[in-house]
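1. No letters, just coordinates:
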């Protein structure tokens, strides 16, 4: 249980513009007032890998009460991302544990990625761990200069990146993305902090800043526990 002092902590919001495209990035500390309860719920989740995406780990659904509480973010998200929007839909929300050993990563899992080309879809990472587990980093593709991938940009970005990844022979030295590389320049980073959330457009190139994984990485009590949520403004 949280102490009375902890429960009185109010969310602290910071907005910054990153990269040459000046993309708004929201960082919210003390996001959820009952975060200790939420962490306890995560300990009892039924975690499994999702073959439909390339997330390098396992996930379990979050409580419906948490998803309902995300509706409180609508006024802030309207102000920063879409003043014309009237509604917020939670497309998905799951406890997430990055636990795939680096030597088992596919090349696509070793590179920054984007979640969607849809301009009004947002991604949110809510950290239920601390800075030792690594936060989230954001990137610019050096060759194209792209920081966000629209449907139009994807037509040229996809083939170029595939050629570059093959030429780099990533499979010969598999590792998680960390810092800048020959293909991508890091343009921003948010450190993990318990009950901190970072919100950004889903088409922004990003990657978990994952450090060396311990043998306990799949344990929600010790691993890189986060909540990954995808939000649609309309």
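-> Received the coordinates, thanks. Since this is a predicted model, take the numbers as computed values, not measurements. Numbering: from 1, shown residues only.

2. After the longest strand belonging to the chain, which helix or strand is next?
-> In the chain, with assignment by DSSP state E, the single longest strand is strand 88-98. Going down the chain from strand 88-98, the next helix or strand is strand 121-127, by DSSP states H and E.

3. hang on, residue 17 is in a strand, isn't it?
-> Yes - read with DSSP: H, G, I helix; E, B strand; the rest coil, residue 17 is one of the residues of a strand.

4. quick one: average pLDDT of stretch 147-159?
-> The pLDDT scores in stretch 147-159 average 98.

5. Check what contacts that stretch and list those residues.
-> Residues outside stretch 147-159 that contact it (CB atoms under 8 Å, 6 or more residues apart in numbering): 18-21, 23, 114, 117, 119, 138-141, 144, 146, 187, 201, 203-205. In this view, the C-beta of every residue, glycine as well, is placed from N, C-alpha and C.

6. Confirm for me that residue 207 is in contact with residue 125.
-> No - in this structure residue 207 lies outside contact range of residue 125 using CB atoms under 8 Å: 11.1 Å.

7. Could you pull out the residues contacting both of these two?
-> Joint contacts of residue 207 and residue 125 (CB under 8 Å, 6+ apart) are residue 136.

8. for the chain, what's the longest helix?
-> In the chain, with assignment by DSSP state H, the single longest helix is helix 151-168.

9. Give me the next element, helix or strand, following it.
-> By DSSP H and E, the next helix or strand past helix 151-168 is strand 184-190.

10. I'd like to know which elements that next one is packed against.
-> strand 12-18, strand 23-29, strand 136-141 (3 or more CB pairs under 8 Å, 6 or more residues apart in numbering; DSSP states H and E).

11. let's go with 7 Å and repeat that
-> strand 136-141 (3 or more CB pairs under 7 Å, 6 or more residues apart in numbering; DSSP states H and E).

12. can you list contacts of the strand it packs on?
-> The contact list for strand 136-141, computed with CB atoms under 7 Å, 6 or more residues apart in numbering, reads 18-19, 112, 125, 147, 157, 183-190, 198, 204-209.

13. rewinding a little: direction included, what does the longest strand of the chain pair against?
-> strand 57-61 (antiparallel), strand 225-233 (antiparallel) (DSSP bridges).

14. Pick the most deeply packed of those strands.
-> strand 225-233 (a mean of 21; mean count of other CB atoms under 10 Å).

15. Run the chain-centre distance for it.
-> From the chain centre to the centre of strand 225-233 is a distance of 8 Å (CA atoms, centre = their mean, to the nearest Å).

16. Now do that strand and strand 121-127, the angle between them.
-> 160 degrees (axes from the mean of the first three to the mean of the last three CA atoms, to 10 degrees).

17. before we move on, the earlier item: same list (the strands paired with strand 88-98) but as CSV, adding distance to residue 91.
-> Below are the strands paired with strand 88-98 laid out as CSV (distance: least, CB to CB, whole Å):
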stretch, distance to residue 91
strand 57-61, 13
strand 225-233, 4
